[in-house]
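Trainee: missing the sequence, but the structure's below:
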């Protein structure tokens, strides 16, 4: 892993995703429960924010801070592609410090979310297994 590396992932949000996130978060705001005049149900902002956190999870990254800027609404049926770019990577003895930026775009290429994060990746612990 090094500065400049990128990872991408995309997801299409469903009405079931919105319903289940509302159950967990207890956010039942009207835009997440009732379709708008165009028949669209809005996806929770923090549900959209799971895209960069999923990529971080793939790297065993532990965030210390995250900043989000939500720039456009996302609706059920939208496919969002997230790209995370490493901006800092410093190897230490037991972990690596890492910072990254992320940008999420909808299927038309419009930015819906951008932000940054800083944290670390712990080195896997080598466990010895005793034989008896």
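Mentor: Thanks, I have it. Model, not experiment: these values are computed from the prediction.

Trainee: which residues does residue 113 contact?
Mentor: Counting by CB atoms under 8 Å, 6 or more residues apart in numbering, residue 113 touches 45, 48-49, 51-52, 68-71, 80, 82, 102-104. Placement of C-beta: from N, CA and C, glycine included.

Trainee: so which residues of the protein form strands?
Mentor: Shown for the chain, the strands assigned by DSSP state E span residues 6-12, 61-70, 79-91, 95-105, 111-122.

Trainee: could I get those as TSV with distance to residue 22?
Mentor: What follows is those, written out as TSV (distance: least, CB to CB, whole Å):
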stretch	distance to residue 22
strand 6-12	17
strand 61-70	17
strand 79-91	18
strand 95-105	20
strand 111-122	19
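
Trainee: go through those and pick out the most buried.
Mentor: For those, ranked by mean neighbour count under the definition mean count of other CB atoms under 10 Å, the leader is strand 95-105 at a mean of 20.

Trainee: give me the residues contacting the helix or strand of the chain with the lowest mean pLDDT.
Mentor: Among the secondary structure pieces of the chain, namely its helices and strands, helix 30-33 has the lowest mean (mean pLDDT, DSSP states H and E), a mean of 72. Residues from elsewhere that reach helix 30-33, judged by CB under 8 Å, 6+ apart: 18, 22, 41-44.

Trainee: how about the longest helix along the chain: buried residues?
Mentor: With residue count as the measure and DSSP state H as the assignment, the chain has helix 15-25 as its longest helix. The neighbour-count criterion (16 or more other CB atoms under 10 Å) identifies 17-18, 21-22 as the buried residues of helix 15-25.

Trainee: residues contacting it, please?
Mentor: Counting by CB under 8 Å, 6+ apart, 27-28, 32-33, 41-44, 46-47, 76 sit against helix 15-25.

Trainee: kindly provide the distance from the residue nearest to residue 46 when sequence neighbours are not counted to residue 116.
Mentor: Taking CB to CB, 6 or more residues apart in numbering as the measure, residue 46 lies nearest to residue 25, with 6.8 Å between them; neighbours along the chain are not counted. Residue 25 is 23 Å from residue 116, where distance means CB to CB, to the nearest Å.

Trainee: equivalent analysis for residue 42, please.
Mentor: As for residue 42, its distance to residue 116 is 24 Å (criterion: CB to CB).
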